[in-house]
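Undergrad: the following block contains a protein sequence and its predicted model.
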Amino acid sequence: MRSLPVHSEQGFTQLEIIIVLVVMSILGAIAAPSLLNWVNSRKLKVGLAELEGTLIEGQNQAIRLSKTCTINLPMGSNAVLSSSPTECLRNGNRMLEGLQLRHSLATPSLSFDFKGRVPPALTSEQTVVLSLANEINTPSKCLVIAPGIGLIRVGEYRGSPTTTLASSCKTTTL
C-alpha cells in the first residue's frame, strides 16, 4: 500500500489573512458609529439617574434628619454634586464626568426643608439639562422639579441648546 506524502507545514496563507483583516475592518467601520451612539446615550442615562438619585436622596435625608438639606448643582462640565450639610448625601459627592450641566435655578443649589419640600420662592417648575460635554448633536436629557412638594420627572430635552424650559422636557422612561 502506498502512503500519501504528509506536509508538516499547515496554516493560513498571507492572502487568507489579508482577506480576513479587510472583512473585519469593514465590519468595524460599519459598527463604530452605532457603538459610539450607544456609549454616549448610556453615559447620559447614567448621569441623569445619578442626578435624580442625588436629589431624591437629599430630599429623603432632609425628612429623615428633620433639617434643611441643600444640594449644590454647579453649572458646567464635570459638575460635582455636593450637599450642605454633608450628611445630606450619605454616600458623598457625585461627579457627572464627561457631562455638561445647566439649569434654570436662580442659584446653583436646591434646598429641601424638613418636610422634603422645595422653598416657597420657587413658584414655577425648575429644569436641569444634562448633555455630553463638547457634543452639540447628541440629544440631551432633562429633569424637572415641581414647585411645592418637589416632585421630580425626567425626560429627553428637545429645546434649544441654550435654554432650560420645562415645556421642552418630554417625559420618557429611564
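TA: Great, that's in hand.
Undergrad: list the contacts of the closest residue to Gly159 other than its chain neighbours.
TA: Once flanking residues are discounted, Gly159 sits nearest to Ser168: 2.9 Å by C-beta to C-beta, 6 or more residues apart in numbering. C-betas here are computed from N, CA, C, even on glycine. Contacts of Ser168 were listed using C-beta atoms under 8 Å, 6 or more residues apart in numbering, and they are 127, 142, 157-160.
Undergrad: identify the bridge partners of the closest residue to Leu143 other than its chain neighbours.
TA: Distance criterion C-beta to C-beta, 6+ apart; nearest residue to Leu143, sequence neighbours excluded, is Val128 at 4.6 Å. In this structure, Val128 has the following beta-bridge partners (DSSP bridges): His103, Leu143.
Undergrad: Thr54 is in contact with Leu81, correct?
TA: Yes - with contacts defined as C-beta atoms under 8 Å, Leu81 counts as touching Thr54 at a distance of 4.8 Å.
Undergrad: now do the shared contacts for the two.
TA: Common contacts of Leu81 and Thr54 (C-beta under 8 Å, 6+ apart): 71, 89, 94.
Undergrad: ok, those vs Leu27, which is closest?
TA: Each of the shared contacts of Leu81 and Thr54 was checked against Leu27 using C-beta to C-beta; the closest is Arg94, at 37.5 Å.
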